[in-house]
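Q: got a predicted structure plus its sequence, pasted below:
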Amino acid sequence: MADAGPAARTAKAAEAARVPDRRIGRRAALRTLAALCAAVGGAAGVVSAQPRMLRVVAPFPAGGSTDILARALAERLAAARGQAAVVENRPGANGALGTEAVARSVPDGQTLLVHTNAGILINPMLYKALANPLESLAPVAQLVELELVLAVRSDNPARTLGEFVEQARSRPQGLTYASVGAGSLSHLAGEAFRLAANVPMLHVPYKGAAPALNDLLGGQVDCYFGTPPTFLPHVRSGRLRVLANTAAEPSPWFEGVPRVADLLPGFAVVGWQGLFVPAATPAPAVEALERTVLAALAEDTLRRQLAEQGMRVTARPAHELATLMRREQAGWARLIERAKISVQ
């Protein structure tokens, strides 16, 4: 075969010299790709190892006592556990919608419910179609207690609770009392008072504290059992008068105001808020959460913050809350039966 000549030999040599360069480049690229995959895989592993966001469900609208408590607690739980936390307001059916959402959530200790004794204990007795929270939820801790007080307009001639009772007895149709909704604690407080005092009273339910307060101020209803912060500005302005508080202890909000029990021995209606998780949550997760919550509730700053909203920190552990719930459930059942309370 004829020689291709010097130019051809030079071109072949250059081509041969370039082949190793391409192979080296391919190997380097593969090594770089492997390193990138390892880095991405490692990052993904780090992300998956991080805890899910903590969800604290408040089954009432924003701005109320449950929402305020849930946000204060979520902030401290997030700091203590080193994870992000979010408060979800899930109002509806006197708290039943939020309760159901938590009961059906993944039981891993990352979805929590802040709820009232009315929602946990009273709702299932009145709304038969609802799942029983005592079966679908597990208690973590009792957080706070809230007293109720009986308020009337300042132009009401009754200056004392005894005079108020006599006023109710003197009217053929009795008196009207507002509540924040059928089946609420303010509703049952009114019914408990009606039975204990043996006076005629008509329940007027509202959709929340604001409209109930507005109609009390406007004279559409005679009285309202509500929380102290609801009434305090109007008591100070002279538009309302507080006649009594429903708790077993004197009110820290209204000095000198008697208890209902001073006139009607044994009377006590107290609201409380507790923390709950889905019933299937593993015991170690519940116990760890309980320890964190009780530590947070020992903080003086948080106690003062909640006291300003009418809440007294109780910080009872899970087993004490479970005992309290069983005892209260029987008492509420008796009241509902005696008062013939029905919402359906």
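A: Cool, got the structure.

Q: wait, what's in contact with Leu263?
A: 161-162, 165, 197, 244 (CB atoms under 8 Å, 6 or more residues apart in numbering). Every residue, glycine included, has its C-beta placed from N, CA and C.

Q: switch the cut-off to 7 Å
A: Leu263 makes contacts with 161-162, as judged by CB atoms under 7 Å, 6 or more residues apart in numbering.

Q: next one: phi and psi at it?
A: With angles defined as degrees, to the nearest 10, Leu263 sits at phi -100, psi -40.

Q: any idea how far Gly109 is from it?
A: 46 Å (CB to CB, to the nearest Å).

Q: with adjacent residues omitted, what lies nearest to the most centrally placed residue in the chain?
A: Most central in the chain under CA atoms, centre = their mean is Val114, positioned 2.7 Å from the mean C-alpha point. Nearest non-adjacent residue to Val114, counting by CB to CB, 6 or more residues apart in numbering: Ala70, 4.3 Å away.

Q: quick one: the one you found and Leu54 touch, right?
A: No. Ala70 lies out of contact with Leu54 (CB atoms under 7 Å); the separation is 11.3 Å.

Q: which strands and helices lie in contact with the longest strand anywhere in the chain?
A: Criterion DSSP state E: the longest strand present in the chain is strand 137-147. With contacts taken as 3 or more CB pairs under 7 Å, 6 or more residues apart in numbering; DSSP states H and E, strand 137-147 sits against helix 65-81, strand 270-278, helix 283-297, strand 312-317, helix 318-339.

Q: make a markdown table out of these and add distance to His234 and mean pLDDT.
A: Output for the helices and strands packed on strand 137-147, formatted as a markdown table (distance: least, CB to CB, whole Å; pLDDT from 0 to 100):
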| stretch | distance to His234 | mean pLDDT |
| --- | --- | --- |
| helix 65-81 | 17 | 94 |
| strand 270-278 | 20 | 96 |
| helix 283-297 | 30 | 97 |
| strand 312-317 | 22 | 96 |
| helix 318-339 | 28 | 94 |
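
Q: save the ones you listed as TSV, and put in mean neighbour count and distance to Gly183 too.
A: Below are the helices and strands packed on strand 137-147 laid out as TSV (neighbours: other CB atoms under 10 Å; distance: least, CB to CB, whole Å):
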stretch	mean neighbour count	distance to Gly183
helix 65-81	20	15
strand 270-278	24	13
helix 283-297	16	27
strand 312-317	18	23
helix 318-339	15	9
